[in-house]
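> Need a 3D model of the following:
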Amino acid sequence: AQREAEEARRRAQATAATLSGVVAEAANAEVRRAYDNQKRIEAEVRELQVRAMKFRRQVQQWAELGQQFDAALRELGDFENYTDVLGWEMQKVADALERHQRNLAKAGGEGAAGGG
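Got it, this is the predicted structure:
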């Protein structure tokens, strides 16, 4: 009877050891899966951070281009205004020269008619 009890105890210990191994293996598999998932998530986060930085730089470049374009449009408007003003000033000078020329021709015509 003692032998049977000893044999039953050994079988129970072996079964417990096997069960313990199976449980430990299952737990290790879960831990390994969680660790692998964590590493994968960390890698994806790093990739997203890199992409976000690239996108941020791209948006900054677009903003700078927009500001440069806006400044160029303002300069173009300023230049257009400048050429309009210059055109009006040139027209005033041309009109003044034309009036002066007419006055000179009128004075010269009167002088020639009165002296002859």
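> contacts and neighbour counts: CA atoms only from here.
Will do.
> Okay, helices next: where are they in the chain?
Secondary structure of the chain by DSSP state H: the helices cover 2-115.
> Spatially central residue in it, please.
Central residue of the chain (CA atoms, centre = their mean): residue 59, 0.8 Å from the mean position.
> For the chain, which residues score under the pLDDT cut-off?
For the chain, the stretches flagged by pLDDT under 70 are 111-116.
> re earlier: if I look at the residue nearest to the centre of the chain, how far off is residue 18?
60 Å (CA to CA, to the nearest Å).
> just residue 36 next, same as before
26 Å.
> next one: residue 62
In terms of CA to CA, residue 62 sits 65 Å off from residue 18.
> can you check residue 82 too?
For residue 82, the distance to residue 18 - CA to CA - is 94 Å.
> Check residue 65 too.
Following CA to CA, the distance that separates residue 65 from residue 18 is 69 Å.
> coming back round to it: need the contact list for the residue nearest to the centre of the chain.
For residue 59, the contact set (CA atoms under 8 Å, 6 or more residues apart in numbering) is empty.
> now do 10 Å
Contacts of residue 59 were listed using CA atoms under 10 Å, 6 or more residues apart in numbering, and they are 53, 65.
> ok, now the one 3 residues further on?
Residue 62 makes contact with 56, 68, according to CA under 10 Å, 6+ apart.
> Check the gap between it and residue 68 for me.
From residue 62 to residue 68 the distance is 10 Å (CA to CA).
> what does residue 76 give?
Residue 76 sits 12 Å away from residue 68, going by CA to CA.
> ditto for residue 36
Distance from residue 36 to residue 68, by CA to CA: 48 Å.
> likewise residue 33?
Using CA to CA, one obtains 52 Å as the distance from residue 33 to residue 68.
> give the contact list for residue 13.
7, 19, 20.
> Near residue 109, how many residues? Count them for me, please.
12 (other CA atoms under 10 Å).
> Great, nothing more from me.
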